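Asker: Please find the sequence and the predicted model below.
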Amino acid sequence: MTEHSVAGRVVVVTGAGQGIGRGVALHLGRNGASVVVAEWKAHRAERTVAELTELGVPAAASVCDISQKGQVDAMVSETMERFGRVDALVNNAQTFRPQAPVATVGEDDVDVFYASGVKGTLWAMQAVYPHMREQGWGRIVNFASAAGIVGMPGYGAYNASKEAIRALTRTAAREWGRDGVVVNCVCPGAASKRGQDAAARDDEAHREFMRDHPVGRQGDPEDDIAPVVLFLCSDASRYLTGQTLMVDGGAFLFA
């Protein structure tokens, strides 16, 4: 394997059927990784795998509801059967709920965010860890959000789940570093198709946000977010663990 690259590595990307996850999967594949697309909707998984296959990337789809531990364990077992190893895990997937102020956050809101975000991240980390420990090398990249760090109004349940993911990241970094497994977190600022649609629905708010944006634009999943994830999945990040990288063009410098 080439130093500081992902050539020859096997990477699992959850939620890779669309948006940031898809961009990460494509970028890692273009740079030599074999990619497992873990996605709860089969047609999305197959669509991304078809794109990767067209690029000549060894890829596999695994239909997986990350909130279900048994399905996550099965997904990692399938990865081992297909590729014989798992080098990196990108925990991108999380189910969303409508915005709600803290005073009206419901039990369903909390349950969905914690089941898909916190538990899903934890189950996947637990599933890959024994394999990474055995080979003495592993990379785990979790996804959080600046919204949780700054306490963005209207996102109470979401913010809490993302901050819990950052706590898991720091704890695993302390516990697994001696095993050659480094664990870091990314807070992305990217305009996925969903984000672009949301901006179009509330164009005034979007313009207000972009007015003070240091770089002056939203990020692109494949060109702006994925290269940082690639770094975190490579040997270049061997001395970086337990950290949160704000990959947002400086939008939340105060975070």
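Answerer: Happy to help now that I have it.
Asker: the helices in the stretch 101-250 of the chain, which residues?
Answerer: Under the criterion DSSP state H, counting those that start in this stretch, the stretch 101-250 of the chain contains helices at 107-113, 120-135, 146-150, 156-176, 193-201, 203-211, 226-232.
Asker: Out of those helices, which is closest to residue 68?
Answerer: Residue 68 lies closest, by CB to CB, to one member of these: helix 120-135, at 8.0 Å. Just so you know, the C-beta spots here come from the backbone N, C-alpha and C atoms, and that holds for glycine as well.
Asker: hmm, back to that, can you redo the helices of the stretch 101-250 of the chain as TSV with distance to residue 47?
Answerer: Below are the helices of the stretch 101-250 of the chain laid out as TSV (distance: least, CB to CB, whole Å):
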stretch	distance to residue 47
helix 107-113	24
helix 120-135	21
helix 146-150	28
helix 156-176	26
helix 193-201	13
helix 203-211	28
helix 226-232	17
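Asker: other SSEs contacting the host helix or strand of residue 76?
Answerer: Assigning secondary structure by DSSP states H and E places residue 76 in helix 69-83. Applying 3 or more CB pairs under 8 Å, 6 or more residues apart in numbering; DSSP states H and E, we find helix 69-83 packed against strand 10-14, strand 34-39, strand 59-63, helix 120-135.
Asker: Any chance you could list what contacts that helix?
Answerer: 10, 12, 34, 36, 38, 58, 60, 62, 64-66, 86, 119-120, 123-124, 127-128, 131 (CB atoms under 8 Å, 6 or more residues apart in numbering).
Asker: Pick out the residue closest to the middle of the chain.
Answerer: residue 92 (2.3 Å; CA atoms, centre = their mean).
Asker: Was I right to think that one contacts residue 143?
Answerer: Yes - assessed by CB atoms under 8 Å, residue 92 is found in contact with residue 143 at 5.0 Å.
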